[in-house]
Structures are given as C-alpha cells and as structure tokens.
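> Need coordinates for the following:
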Amino acid sequence: MQVRGLLLLLAVILVAASTEAGKNKKEKAKKDGSKCEDWRWGPCVPNSKDCGLGYREGTCKDESKKLKCKIPCNWKKKFGADCKYKFESWGGCSAQTGMKTRSGILKKALYNAQCEEIVYVTKPCSSKIKSKSKGQ
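Residues are numbered from 1 along each chain as shown. Predicted coordinates for the structure are as follows:
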C-alpha cells in the first residue's frame, strides 16, 4: 500500500514540474517576440540555385528578422512560392495548339505576397491513348 502512495506522489510531482516547465517556455517566447505587429516580409531567397532551403527577411519599423524557409523544387516559378492556388481539372486538348489548359484560383497568399487572383497553366497534350479496359 505504501508503494502505491509513493508512486502516486511521484506522479503528482512530475505533472506539476512539467506544467511549470511549459509555463517557462511560453514566457520566454513572449520575451523574445517583438511587440511590432506590422511586419513586411520579402520573398524566400534560396541559399543556392532556385529552390531548396533559404531565408526570407522581414522588417517592422526599425526591427529586422530572418526566417528560414524552403522553396519546393517543383514550384511554379510563374506564380511564386508564396502564392497557393486551387486548380481545376485539366481541360480538353486543343487541336490547334496541341496543349491543354487549366485555371487556378488564389487560395492563400503567404507573407503578404503579391499574387494574381486567377492563373492559367498549359501543358502539352499526351500522345499516349489510355485504355480503360484493364484485367479482361
């Protein structure tokens, strides 16, 4: 019976200690944070080439910060990595151009990026004919 009481006491002490540790982390984050709320963020600048890990600089009044960022290597350079779009399905193939098209509507602009509301993307039509009857 004494072992159970001792384990219960130990568990209560551990919970109390972890709660205090969590409070300290939150307080530190508030102390390190800026009171400035009108941050202006620049584009993500990759460390090398045109994609991968990099940084973006932000300014607010006379403060400045650098944040780590990442540009996916398959991003659409035309739109920018900070503009996120919801795309429709691909349209039919145009016999005149040999291309198919789809449009995307702006879903989210990260870090106050300047994004177009609607964008259009084209790609070459596939020369392969897909058969729907498999496993007959």
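> for the protein, where's the lowest mean pLDDT among helices and strands?
When the helices and strands of the chain are compared on mean pLDDT, DSSP states H and E, helix 2-32 comes out lowest with a mean of 54.
> Walk me through the domains of this structure.
Recorded structural domains for the chain (assignment: the TED database) are 36-72, 74-126.
> Mean neighbour count and mean pLDDT for those - can I get that in CSV?
Quick note: C-beta positions are derived from backbone N, CA and C, even for glycine. CSV is the format used below for the domains of the chain (neighbours: other C-beta atoms under 10 Å; pLDDT from 0 to 100):
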stretch, mean neighbour count, mean pLDDT
domain 36-72, 13, 87
domain 74-126, 13, 88
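> Touching stretch 56-69 from outside, list them.
Applying C-beta atoms under 8 Å, 6 or more residues apart in numbering, the external contacts of stretch 56-69 come out as 34, 36-45, 53-55, 111.
> Quick check: Thr122 is in a strand.
Yes - when DSSP: H, G, I helix; E, B strand; the rest coil is applied, Thr122 is found to be in a strand.
> let's have the chain start at 26 instead
Noted, 26 is the first residue going forward, which turns the last one into Thr147.
> Was I right to think it contacts Gly123?
No - with contacts counted by C-beta atoms under 8 Å, Thr147 stays clear of Gly123, the gap being 10.0 Å.
> How about residues contacting stretch 143-150?
Residues outside stretch 143-150 that contact it (C-beta under 8 Å, 6+ apart): 101, 103-104, 110, 112, 115, 118-119, 122-131.
> can we see that at 7 Å?
With C-beta atoms under 7 Å, 6 or more residues apart in numbering as the test, stretch 143-150 has contacts from 104, 110, 118, 123-130.
> With that, I have no additional questions.
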